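Engineer: Model the structure of this input:
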Amino acid sequence: MRSHRRHAFALVLVLGIGAFLAQVAGVGTTSSSPTPAAKPAGTRLATLPGAAVPDIGSTKLAASSLQAHAGDVLRMRAVAKVAAGAVGRSGAAQVVCGIRYSRAGDASWSLGDPYETVVLKRGGHDTVTIERSFDAPASDTYRMSTACHVASPTNGATVTATGTMQVEAGLPAGAATPIG
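Structural biologist: Just a heads-up that it's a prediction; the model follows:
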């Protein structure tokens, strides 16, 4: 009999220590207030007073690159989600978003910078979508990026953004083949 009591006592003691350690480690506990899913914070945009198109000083939100052959059709799609916090005394912020793209083998090559301009009031938000395509002039690596900046006011505006950049080679299914 004495042996059974000793075994039972040792078992209860081991189970008690295990339960205590599990509580200390947080196993099996529930939080009294569930944590909400975190929203993507976004990146604060640079301020470039009066800059009408994205340039080297604009904030890069996303980037992509693609190796293409001469004559390939490259389709670009940039999406920027912008949100204004403070907008300064003017009551609105002018935001410029666009696609910057280049060739690895020719740094001066460009067809311009496709861009869109939006005006945001305090607490306002908008989604800017830009789609462009071009024929690759040479076999090379092509780089694209989604970029935005605050063009006005000169100071006092706080605008954040998130973005994506997609690029694909070739025409979409069902598209007419250009004659050239």
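Engineer: so where do the helices sit in the chain?
Structural biologist: 2-25 (DSSP state H).
Engineer: which one's the longest strand in it?
Structural biologist: In the chain, assigned by DSSP state E, the strand with the most residues is strand 73-87.
Engineer: what's the average pLDDT for that one?
Structural biologist: The average pLDDT within strand 73-87 is 94.
Engineer: what number of residues lie near residue 88?
Structural biologist: 18 (other CB atoms under 10 Å). (Glycine included, C-beta is placed from N, CA and C.)
Engineer: from what I can see it touches residue 159, true?
Structural biologist: No: under the criterion of CB atoms under 8 Å, residue 88 makes no contact with residue 159, lying 10.5 Å away.
Engineer: Residue ranges in the protein under the pLDDT threshold?
Structural biologist: For the chain, the stretches with pLDDT under 70 are 1-2, 9, 11-16, 18, 20-21, 24-40, 177-180.
Engineer: try it again with 90
Structural biologist: For the chain, the stretches flagged by pLDDT under 90 are 1-42, 50, 55-56, 86-91, 105-113, 154-156, 170-180.
Engineer: What segments of it are strands?
Structural biologist: 43-44, 59-68, 73-87, 92-103, 115-121, 125-135, 140-152, 157-169.
Engineer: Same list, the ones you listed, but as TSV with mean neighbour count and distance to residue 50 please.
Structural biologist: Converted to TSV, the strands of the chain look like this (neighbours: other CB atoms under 10 Å; distance: least, CB to CB, whole Å):
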stretch	mean neighbour count	distance to residue 50
strand 43-44	14	19
strand 59-68	18	16
strand 73-87	20	17
strand 92-103	23	10
strand 115-121	16	12
strand 125-135	15	19
strand 140-152	23	6
strand 157-169	19	13
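Engineer: Which one, of those, ends up nearest to residue 7?
Structural biologist: Closest to residue 7 of the strands of the chain is strand 157-169 (CB to CB; 61.4 Å).
Engineer: Show me what the closest one is packed up against.
Structural biologist: strand 43-44, strand 59-68, strand 73-87, strand 92-103, strand 140-152 (3 or more CB pairs under 8 Å, 6 or more residues apart in numbering; DSSP states H and E).
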